[in-house]
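Participant: build the 3D model from these lines:
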Amino acid sequence: RYGSGKTASKCMKKFFSDLELAKKELLPKLEPHKINPVWSIEAHDEYVKATKCHICDLPFDPANFNLRKVRDHCHKTGKPVGAAHSKCNLDRRVKKDLRVLIHNFKNFDSHFISSHFVSKDPKAKPKGLASNTQHFRTMTLDNVTYIDSLGLLDASLGELTQDLASNVHDFPILKSSGIY
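Facilitator: Just a heads-up that it's a prediction; the model follows:
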């Protein structure tokens, strides 16, 4: 069990070393492809005729910047999707951060993670939902959002891992234990 002192420090070094490798592999996959959308005549005509946002189904308002009509397209294929509010279109963007779920993050691990960042960079300013000055329910630092999975699950980790052991899947890390 990792508590404090040298053992916790080694654990955090291993965790962040592995996380850096994961970021190098996964963050580029979150970048949108640089494909210019090509709007067919039919897609253009549908855009011109549209009176409501295809995302929220509310009318456009050219006087309001957030509710003005913009062309929405898939950033991976370039395929036109339809007319959307400016705000709805921007809200639909793919976030360029990793999500790391940590069980009981709020009560234990958030302190170690925030301490690690502050020791590396005293000016580091985590963003998130805090319970107090050292405990976070969620925290975003350096393109990674840490989330307390305890608040998201309807069963204990013991019950959930029993289900994993009996299921067939291609995620060997889910069958391992005691990595960090």
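
Participant: ok, which stretches of this protein are helices?
Facilitator: Per DSSP state H, the chain carries helices over the ranges 6-30, 41-49, 86-91, 110-120, 157-166.

Participant: ok, what's across the strand from the residue positioned nearest the centre of the chain?
Facilitator: In the chain, the residue lying closest to the centroid (C-alpha atoms, centre = their mean) is R99, at 4.3 Å. Partner residues in beta bridges with R99, using DSSP bridges, are T145.

Participant: returning to what we had before: to I55, which of the helices of the chain lies closest?
Facilitator: Relative to I55, the nearest member of these by C-beta to C-beta is helix 86-91, separated by 4.1 Å. C-beta: built from backbone N, CA, C; applies to glycine.

Participant: can you tell me how far the residue of the chain positioned farthest from its centre is from C74?
Facilitator: The outermost residue of the chain relative to its centre, with distances by C-alpha atoms, centre = their mean, is I41 at 36.0 Å. Distance, I41 to C74, by C-beta to C-beta, to the nearest Å: 19 Å.

Participant: low-scoring stretches of this protein, by residue?
Facilitator: Low-confidence segments of the chain (pLDDT under 70): 1-6, 32-34, 134, 163-180.

Participant: just to revisit the earlier point, the residue nearest to the centre of the chain contacts T145, correct?
Facilitator: Yes. Here R99 reaches T145: they are 5.2 Å apart, a contact under C-beta atoms under 8 Å.

Participant: count of neighbours near the nearest residue to E46 once chain neighbours are set aside?
Facilitator: In space, and not counting its chain neighbours, E46 is closest to G82: 6.8 Å by C-beta to C-beta, 6 or more residues apart in numbering. Residues near G82, counting by other C-beta atoms under 10 Å, number 16.

Participant: quick one: which of the helices of the chain is nearest T140?
Facilitator: Of all those, it is helix 110-120 that lies closest to T140, at 10.9 Å by C-beta to C-beta.

Participant: report all helices and strands that that closest one contacts.
Facilitator: helix 6-30, strand 136-141, strand 144-148 (3 or more C-beta pairs under 8 Å, 6 or more residues apart in numbering; DSSP states H and E).

Participant: one more pass at 6 Å, please.
Facilitator: Secondary-structure packing of helix 110-120 (3 or more C-beta pairs under 6 Å, 6 or more residues apart in numbering; DSSP states H and E): strand 136-141.
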